[in-house]
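S.K.: I'll drop the sequence and a predicted model, then ask my questions.
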Number of protein chains: 2
Amino acid sequence: MEQSSPSALTARARAHLEVRAEILAAAGRQLAVVGPAGLSLRAVARERGMVSSALYRYFASRDELLTALIIEAYDALGDVAEASAAATRDRRPLERWVAATGAVRAWAVEHPQDYALLYGSPVPGYAAPDDTVVPGTRVTRALVQIVDDAVGDDRLPSDGDLGVIELSRQTRRAFDVLRSAVDLDASDEVVMAVLTAWTQMFGLLSFELFGQTRGLIDDHQAFFREAATLMGSHIGLR
Amino acid sequence: MEQSSPSALTARARAHLEVRAEILAAAGRQLAVVGPAGLSLRAVARERGMVSSALYRYFASRDELLTALIIEAYDALGDVAEASAAATRDRRPLERWVAATGAVRAWAVEHPQDYALLYGSPVPGYAAPDDTVVPGTRVTRALVQIVDDAVGDDRLPSDGDLGVIELSRQTRRAFDVLRSAVDLDASDEVVMAVLTAWTQMFGLLSFELFGQTRGLIDDHQAFFREAATLMGSHIGLR
DNA sequence: TGTCGGACGAGAGCGGTGCTCTCTGTTTGG
DNA sequence: CCAAACAGAGAGCACCGCTCTCGTCCGACA
């Protein structure tokens, strides 16, 4: 265990990182209970048996603690999405799509407060720093990967054909940025398809988790699966 | 003006309602600036030149004030959606869909904090009471109306045909509940189409307003319009 | 190995929050 | 006309994020 950190770190620096990690873990437990807006530095400090002012040796502010939790959550969700995409590599694209979005939903249902932290309304006064952008793209990347893998042996629209619409110049430029962000060379059609389907899954999930469908849908998992299948086939997966 | 309220109300009751409305208006202004989680009773009281404890003569708690604001916002958004649906009655269904979803987006962009109040992560410890359910269905109803109007002269799926999926029993039962909630006799196919398309629009809007597409998309309005057009045509509108 | 500086935690305190309780003054309906 | 209902003020409670100060202790370096 003592070898896990680079030996370049002094004992003091290692201890510092260790305590920081403990604080982060305690904050994560708090978060799961009270949610992002309810997270209290003082409560986190109490859980560790220290006084709140001592926390500021490790995090400059509550926002910095939140940022660390956001990155952690993005990484956990990214793991889930990537693992699903990798595990289904030899299955049919539509199945892969349903599995991956289902895996994302499963994580979100299991960690609703983390989901709210990532995709809910921003905490007031808090602006996510750029550190959160890269881990945030991993789930999008995994979904693009699945759809892009399906191009060729499939009825996905061929280049330049999106049906009723033509993408504006600004949109195509935005897609260039996204392509380089996820480091995949998918066509505009694929990017648009993923964005369409992913925003729908995301909207449905937010409806479920934020209570918009309260008292309406009983079996959210079944409905989500049906919606994912329908949406996947809408964008040309099969 | 003195006749605007039913004469059955005493002067005192009328004054009470008036002050209540003023408080609500002040809270609405506060909300637009600091957002749902940042809304402070004391600040609202200060704006009216009264002390915070006096507010409790009009609202039992911060949550009750929030609930009143939620209902107000749902009604404003419902107005927007219904007005758009009514104004485009003689246009083509796809145009109507794009116009209505665009109107919803325009309202959301103009009132981002109200949008967050309605569709963002719930304020911790706050559970929306049933009073908010009915006004919340108005926008859904307007969208269902548009798609349902299109059945017949259109290529919407005919009864019993949804393509790749078959709806589960629970889902069909949920659709019955929704049908009676919006008081429209749309087919399962229409309900599913609206839910699919509306959750996508909602997901896209949440991405935009909650900062997920920051630095990616410049012209959100154009992209939203393109996405709405594509999605509308996916569900069979033209 | 001894020492000294920097990290660390505690504590007090500031201004803010939601909310409760008590007290006073006003209004109003019987 | 008067008792009762009501409105608002004020103090206070427990909590919040955050700052500043002050001992202490321990690890890095000579």
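M.R.: That came through, no problem.

S.K.: What residues does chain A have near DNA strand C?
M.R.: Proximity of chain A to DNA strand C, by CB under 7 Å from any atom of the strand, involves residues A:Arg12, A:Ala15, A:His16, A:Val19, A:Gly49, A:Met50, A:Val51, A:Ser52, A:Ser53, A:Ala54, A:Arg57, A:Tyr58. Where C-beta positions appear, they are placed from N, C-alpha and C, glycine not excepted.

S.K.: gap between A:Gln145 and A:Thr196?
M.R.: From A:Gln145 across to A:Thr196, the span is 16 Å (CB to CB, to the nearest Å).

S.K.: re the thing from before, tabulate the residues of chain A next to DNA strand C (a markdown table), appending neighbour count and secondary structure.
M.R.: Shown next, in a markdown table, are the residues of chain A next to DNA strand C (neighbours: other CB atoms under 10 Å in any protein chain shown; DSSP: H, G, I helix; E, B strand; the rest coil):
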| residue | neighbour count | secondary structure |
| --- | --- | --- |
| A:Arg12 | 8 | helix |
| A:Ala15 | 11 | helix |
| A:His16 | 14 | helix |
| A:Val19 | 16 | helix |
| A:Gly49 | 6 | coil |
| A:Met50 | 14 | coil |
| A:Val51 | 10 | coil |
| A:Ser52 | 13 | helix |
| A:Ser53 | 10 | helix |
| A:Ala54 | 12 | helix |
| A:Arg57 | 12 | coil |
| A:Tyr58 | 17 | coil |
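
S.K.: which one among these gets closest to chain B?
M.R.: When the residues of chain A next to DNA strand C are compared for distance to chain B (CB to the nearest CB), A:Ser52 wins out at 19.4 Å.

S.K.: Next one: the closest one, what pLDDT does it get?
M.R.: At A:Ser52 the predicted local confidence, pLDDT, stands at 98.

S.K.: now the one 5 residues further on
M.R.: In this model, A:Arg57 is scored at 98, pLDDT.

S.K.: Would you mind listing the buried residues in stretch A:226-238?
M.R.: If you call a residue buried by 16 or more other CB atoms under 10 Å in any protein chain shown, then stretch A:226-238 has these buried ones: A:Glu226, A:Ala227, A:Ala228, A:Thr229, A:Leu230, A:Met231, A:Gly232, A:Ser233, A:His234, A:Ile235, A:Gly236, A:Leu237.

S.K.: In contact with A:Leu41, which residues?
M.R.: A:Ser52, A:Leu55, A:Arg62, A:Leu65 (CB atoms under 8 Å, 6 or more residues apart in numbering or on different chains).

S.K.: hmm, I was thinking of A:Arg96
M.R.: Under the criterion of CB under 8 Å, 6+ apart, the contact list for A:Arg96 reads A:Ser84, A:Ala85, A:Thr88, A:Arg89, A:Ile146, A:Asp149, A:Ala150.

S.K.: Mind doing that once more with 6 Å?
M.R.: Under the criterion of CB atoms under 6 Å, 6 or more residues apart in numbering or on different chains, the contact list for A:Arg96 reads A:Thr88, A:Ile146.

S.K.: Which of the residues in stretch A:88-97 are classified as buried?
M.R.: Within stretch A:88-97, the residues scored as buried using 16+ other CB under 10 Å are A:Thr88, A:Pro93, A:Leu94, A:Arg96, A:Trp97.

S.K.: Ignore what I typed, I meant stretch A:119-132.
M.R.: Buried residues in stretch A:119-132, counting neighbours by 16+ other CB under 10 Å, are found at A:Tyr119, A:Gly120, A:Ser121, A:Pro122, A:Val123, A:Tyr126, A:Ala128, A:Thr132.

S.K.: does that stretch come close to DNA strand D?
M.R.: No - contact between stretch A:119-132 and DNA strand D is absent, the nearest approach being 8.5 Å (criterion: CB under 7 Å from any atom of the strand).

S.K.: which residues make contact with that stretch from outside it?
M.R.: Counting contacts by CB under 6 Å, 6+ apart, the residues outside stretch A:119-132 that touch it are A:36-37, A:63, A:67, A:70-71, B:34-35, B:37-38, B:116, B:120-121, B:210.

S.K.: In helices, which of those residues fall?
M.R.: A:Asp63, A:Thr67, A:Ile70, A:Ile71, B:Val34, B:Ala116 (DSSP state H).

S.K.: Show the contacting residues for the last one.
M.R.: What that stands for is B:Ala116. With the criterion set at CB under 6 Å, 6+ apart, B:Ala116 makes contact with A:Ser121, B:Pro36.

S.K.: How many residues are close by A:Val44?
M.R.: 24 (other CB atoms under 10 Å in any protein chain shown).

S.K.: which SS class is it?
M.R.: Secondary structure state of A:Val44, per DSSP: H, G, I helix; E, B strand; the rest coil, is helix.

S.K.: most neighbours, which of the ones in helices among the contacts of stretch A:119-132?
M.R.: Each of the ones in helices among the contacts of stretch A:119-132 was scored for neighbours by other CB under 10 Å, and B:Ala116 scores highest at 24 neighbours.

S.K.: before we move on, back to that, can you lay out the buried residues of stretch A:226-238 as JSON lines showing pLDDT, distance to A:Asp185 and secondary structure?
M.R.: Converted to JSON lines, the buried residues of stretch A:226-238 look like this (pLDDT from 0 to 100; distance: CB to CB, whole Å; DSSP: H, G, I helix; E, B strand; the rest coil):
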{"residue": "A:Glu226", "pLDDT": "96", "distance to A:Asp185": "32", "secondary structure": "helix"}
{"residue": "A:Ala227", "pLDDT": "96", "distance to A:Asp185": "29", "secondary structure": "helix"}
{"residue": "A:Ala228", "pLDDT": "97", "distance to A:Asp185": "25", "secondary structure": "helix"}
{"residue": "A:Thr229", "pLDDT": "96", "distance to A:Asp185": "27", "secondary structure": "helix"}
{"residue": "A:Leu230", "pLDDT": "94", "distance to A:Asp185": "28", "secondary structure": "helix"}
{"residue": "A:Met231", "pLDDT": "94", "distance to A:Asp185": "24", "secondary structure": "helix"}
{"residue": "A:Gly232", "pLDDT": "94", "distance to A:Asp185": "22", "secondary structure": "helix"}
{"residue": "A:Ser233", "pLDDT": "91", "distance to A:Asp185": "24", "secondary structure": "helix"}
{"residue": "A:His234", "pLDDT": "89", "distance to A:Asp185": "23", "secondary structure": "helix"}
{"residue": "A:Ile235", "pLDDT": "90", "distance to A:Asp185": "18", "secondary structure": "coil"}
{"residue": "A:Gly236", "pLDDT": "89", "distance to A:Asp185": "18", "secondary structure": "coil"}
{"residue": "A:Leu237", "pLDDT": "91", "distance to A:Asp185": "19", "secondary structure": "coil"}
